[in-house]
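1. next come a sequence and a model predicted from it.
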Amino acid sequence: MKCDEKEKARDAPFQPESPYVIVCEGFQDTGFVCAFLKHLGINNCDVTFPKTKRDGCDGESGIPKMVQLVAGIATVEGIAIIRDADMDADDSFRKACIAFEKPYDIPDESFVVKKGRHKRTGVFIMPGKGKTGAVEHLLLEAAFTSHPPLAKCVKELETCNQYSANWSENKKAKMRMQCVIASFCRANPGCSLGYIWRKGADNPLDIASPAFKELADFLTTFSTP
């Protein structure tokens, strides 16, 4: 398994080493997915993301180009996209599907792996079926399940801070997530979500949380030959 790293520049596009590749929106998502694959014992998937200085594209709008770059490598047998639902999960799925071209078939629906004759594809929309939002919403579910009192504390902070009252739900989720990390990560309260998986006991997120079951099922199906 090869995980793309934010701090390493590259002169050429990401070069996969595994038969299956997962394309995420950004480095923070990649950190989570890599940690989760390791937890699941899946070692035949590489994880990457678009970065402007390296690939000429960035974020969710850069996913199609990143998929195109990966799809041009003959040894790759499958590509999955993991991206946020934002305000409209159906629209996010449609935008993700634009990235796939023959011999990669467009998935019939999100969360379901399409195994074609030669290649396989899949799209997982964060935070899960029937939901809107972002990866932070899924991670907060896991954090608050493990640490119930923390949910109340963060809510009280949000209530007293009227400055954020009109923020989008995604931005509020990012604020909550950073509060959770800052409350636990003694080594670095300002730790990025992309690096928190390296912090051991300072990580408030349980990688084995039942909140991740839906993603586990998707990744297991996608990576099974």
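-> Yep, that arrived. Numbers count the residues shown, from 1 in each chain.

2. which helix or strand lies directly C-terminal to the helix or strand of the chain with the lowest mean pLDDT?
-> Lowest by mean pLDDT, DSSP states H and E among the helices and strands of the chain is helix 52-55, with a mean of 65. Using DSSP states H and E, the helix or strand that follows helix 52-55 in sequence is helix 63-71.

3. tally of neighbours for residue 89?
-> Neighbourhood size, residue 89 [other Cβ atoms under 10 Å]: 20. Where C-beta positions appear, they are placed from N, C-alpha and C, glycine not excepted.

4. wait, it touches residue 126, no?
-> No - shown here, residue 89 and residue 126 do not form a contact pair, counting by Cβ atoms under 8 Å, at 9.2 Å.

5. any idea how far the most far-flung residue of the chain relative to its centre is from residue 154?
-> For the chain, the largest distance from the centre (Cα atoms, centre = their mean) belongs to residue 160, which lies 30.4 Å off. Distance from residue 160 to residue 154, counting by Cβ to Cβ, to the nearest Å: 11 Å.

6. can you check residue 193 too?
-> 15 Å.

7. then residue 28?
-> 18 Å.

8. where does the prediction get shaky in this protein?
-> 7-11, 52-58 (pLDDT under 70).

9. try 90 this time
-> 3-15, 50-62, 116-118, 158-165 (pLDDT under 90).

10. do a quick rundown of the helices in it.
-> 27-40, 52-55, 63-71, 89-97, 135-146, 148-160, 169-184, 213-223 (DSSP state H).

11. could you dump those helices to a markdown table with distance to residue 16?
-> Output for those, formatted as a markdown table (distance: least, Cβ to Cβ, whole Å):
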| stretch | distance to residue 16 |
| --- | --- |
| helix 27-40 | 14 |
| helix 52-55 | 14 |
| helix 63-71 | 6 |
| helix 89-97 | 19 |
| helix 135-146 | 22 |
| helix 148-160 | 38 |
| helix 169-184 | 29 |
| helix 213-223 | 13 |
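
12. of all those, which one is nearest residue 120?
-> Proximity to residue 120, assessed across those by Cβ to Cβ, is greatest for helix 213-223 (6.8 Å).
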